[in-house]
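Colleague: Prediction below, plus the sequence it came from.
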There are 2 protein chains.
Amino acid sequence: MGSVFAAIEAGGTKFVCGIGTGPDDLETIQIPTGEPQVTLDAVIHFFRNSKRRPDAVGIGSFGPICTDRSSTLWGYITSTPKAGWRDCDLAGPLGAALGVPVGFDTDVNAAALGEAEWGAARDVKDFLYLTVGTGIGGGAVASGKLIHGMSHPEMGHIRVPHDILTDPFPGCCPFHGDCLEGLASGTAMRARWGVAGDQLPPEHPAWALEARYLALAVVNFGLTLSTRRVILGGGVMHQAHLLPIVRQEVERLLNGYVEPPELVAPALGDMAGVCGALVLARRALNYEAV
Amino acid sequence: MGSVFAAIEAGGTKFVCGIGTGPDDLETIQIPTGEPQVTLDAVIHFFRNSKRRPDAVGIGSFGPICTDRSSTLWGYITSTPKAGWRDCDLAGPLGAALGVPVGFDTDVNAAALGEAEWGAARDVKDFLYLTVGTGIGGGAVASGKLIHGMSHPEMGHIRVPHDILTDPFPGCCPFHGDCLEGLASGTAMRARWGVAGDQLPPEHPAWALEARYLALAVVNFGLTLSTRRVILGGGVMHQAHLLPIVRQEVERLLNGYVEPPELVAPALGDMAGVCGALVLARRALNYEAV
């Protein structure tokens, strides 16, 4: 019998919780993200009422977060603009309530680990997982290891060219206005067009504009990391017509200078994050660095 | 007695060659970059006439280059726009002429290794070496290892916001027009203002514009890699008044969202590349991966 792991993808909209030994026997629920205390109580209630006892818990969280094990803020969400969640301890209360070791990283780093182990990155050591949803974030793996740097990448906040004549929308990032997330997240699409992306037909000009911003991002990340593959997940990417036009625009922008990275959908779909949280839990149990 | 190494920084303007056991006893010359055959002959002549016999040679080259040891193109400069140097073998003729093992990487990856061993990055494991000269390039170290990915980063070619109302210059990159290198390299400065950067006084508006583009680049690289320190080298950075205004603009752009990376000058100055080539040579002799 393998170890049992509690896995949590802590998102700004919902918490996906799962318990199991791996993706195949994972029992999951979704809890809408409300006030921190209420949300964490619901998460703890789910795990305590499961038939299985976890040996460790893994948390992939929205951020920015503190991933420095030597800091008193390790396991906290830090400077998020999301109301109520700033400076909120996730790892502490969850580890204490379940009485097990805790693995903690960003939601996108977790998703990258999940796709590396069971999904679209099993055969590569240099890739990027990018999510385009309520926000935009990325987790990068180089030579088989997650890039952490000072803490973790915040790829959603890079600046990309923004032609205000063709796109007068000023951007919606509370920190940066028209950074990538401010221009191309699901939140930005809704603010620019007045409806959610999934309400816009494939021929709507919104999609060419969205593809342009995402291609600029893929090009910038690809040139910075020389990454072989980019896995594009998140709610906005549910529109299957979007990926091919992003791919085309990436080729046009690179103009033959270097080989474009492969662009693919996540093989684990929306389960990449919670599956990656299983990996975080296993590594915490085995005292492995992430 | 330590091993003796031949070190070459192969640049688009000049080749810096050195021979020695380390930076302290390095005997160097500079050879202007002309036709490949003529240039390589001059390089070989220097090493053959040195009093010391090298045990290995390290080459840090302008690019793009092929760093794949399993490819028949390993050791070549590949798709460079520089006349005569496209698909040019560097490692083959130099290794054969000197009869020693060859280490080969980009000039900026070499510079990063040099600064890590003897310079401004001795105390950090996550940093970036950025050169702003004739072209723009970057070498990134994450968790103490160079990022290679598919081959090597090409950071100079990221796209950054370009306000054509305040800066009507269309950019000078033959592949991408107004990519970072097309807007902010020394070549771009000369094309935009009609004189080289070192002819422009500190109060000239050229410098605020240059700082803006470099800050956008630092912000994008910093957010992608969560890098702790950025070492800014190259001819354009010789203007000492530039670094403080880049630093200011980086803080303004990040707006408190994440901690800005430290911006510093290379401790090895213009010798970072050739010193890093010593490290490439040593690693080749010891069969160490770069």
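Modeller: Looks like it arrived, so ask away. Here the structure is a predicted model, which is why all the values come from computation and not from measurement. Numbering: from 1, shown residues only, chains lettered A, B, ... in the order given.

Colleague: contacting residues for A:Gly95?
Modeller: When contacts are counted by C-beta atoms under 8 Å, 6 or more residues apart in numbering or on different chains, A:Gly95 touches A:57, A:75, A:101-102. Heads up, the C-betas are built off the backbone N, CA and C, glycines and all.

Colleague: per-domain residue ranges of chain A.
Modeller: Residue ranges for the domains of chain A, per automatic domain parsing: A:5-110+A:270-285, A:122-266.

Colleague: now those domains in CSV, with distance to B:His157?
Modeller: Below are the domains of chain A laid out as CSV (distance: least, C-beta to C-beta, whole Å):
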stretch, distance to B:His157
domain A:5-110+A:270-285, 24
domain A:122-266, 5
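
Colleague: so which of those gets nearest B:Pro168?
Modeller: Closest approach to B:Pro168 among these (C-beta to C-beta): domain A:122-266, 14.2 Å.

Colleague: measure that closest one end to end?
Modeller: Taking C-alpha to C-alpha, to the nearest Å, the first and last residues of domain A:122-266 lie 11 Å apart.

Colleague: What average pLDDT does that domain get?
Modeller: Taken as a whole, domain A:122-266 carries a mean pLDDT of 97.

Colleague: how far away is the closest residue to A:Ala91 other than its chain neighbours from A:Ala267?
Modeller: What sits nearest to A:Ala91 in space, not counting adjacent residues and going by C-beta to C-beta, 6 or more residues apart in numbering or on different chains, is A:Gly75, at 2.6 Å. Computed with C-beta to C-beta, to the nearest Å, the distance linking A:Gly75 and A:Ala267 is 29 Å.

Colleague: of the two, who's got more company?
Modeller: Between A:Gly75 and A:Ala267, counted using other C-beta atoms under 10 Å in any protein chain shown, A:Gly75 has the larger neighbour count: 24 against 16.

Colleague: one step back: in TSV, list the contacts of A:Gly95 along with pLDDT.
Modeller: Formatted as TSV, the contacts of A:Gly95 follow (pLDDT from 0 to 100):
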residue	pLDDT
A:Val57	98
A:Gly75	97
A:Pro101	97
A:Val102	98
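
Colleague: mind checking the SS state of the residue of the stretch 51-200 of chain A found nearest chain B?
Modeller: Nearest residue of the stretch 51-200 of chain A to chain B (C-beta to the nearest C-beta) works out as A:Gly149 at 2.9 Å. Secondary structure state of A:Gly149, per DSSP: H, G, I helix; E, B strand; the rest coil, is coil.

Colleague: Near it, how many other residues are there?
Modeller: A:Gly149 is flanked by 26 other residues according to other C-beta under 10 Å.

Colleague: Not counting its neighbours along the chain, what's nearest it?
Modeller: In space, and not counting its chain neighbours, A:Gly149 is closest to B:Ser226: 2.9 Å by C-beta to C-beta, 6+ apart.

Colleague: How many residues are close by the one you found?
Modeller: Neighbours of B:Ser226 under the rule other C-beta under 10 Å: 24.

Colleague: Dihedrals phi and psi, the nearest residue to A:Ile164 once chain neighbours are set aside?
Modeller: Leaving aside its sequence neighbours, A:Ile164 sits nearest to A:Pro170 (C-beta to C-beta, 6+ apart; 8.0 Å). Phi and psi for A:Pro170, reported as degrees, to the nearest 10, are phi -80, psi -10.

Colleague: what sits against A:Pro170?
Modeller: Applying C-beta under 8 Å, 6+ apart, the residues contacting A:Pro170 are A:164, A:177-178.

Colleague: thinking A:Pro261 is in contact with A:Thr224, fair?
Modeller: No - the pair A:Pro261 / A:Thr224 is not scored as a contact, 11.3 Å apart, by C-beta atoms under 8 Å.

Colleague: which of those two has more neighbours?
Modeller: Taking other C-beta under 10 Å, A:Pro261 and A:Thr224 do not tie; A:Thr224 has more neighbours (28 against 25).

Colleague: Checking my notes, that one in a helix, right?
Modeller: Yes - counting by three-state DSSP, A:Thr224 is found in a helix.

Colleague: The closest residue to A:Met155 other than its chain neighbours - how many residues pack around it?
Modeller: Nearest non-adjacent residue to A:Met155, counting by C-beta to C-beta, 6+ apart: A:Gly138, 3.5 Å away. When neighbours are counted by other C-beta under 10 Å, A:Gly138 registers 32.

Colleague: is A:Ile59 in a bridge, and if so with what?
Modeller: A:Ile8, A:Phe104 (DSSP bridges).

Colleague: what's the burial count for it?
Modeller: Using other C-beta under 10 Å, A:Ile59 has 29 other residues around it.
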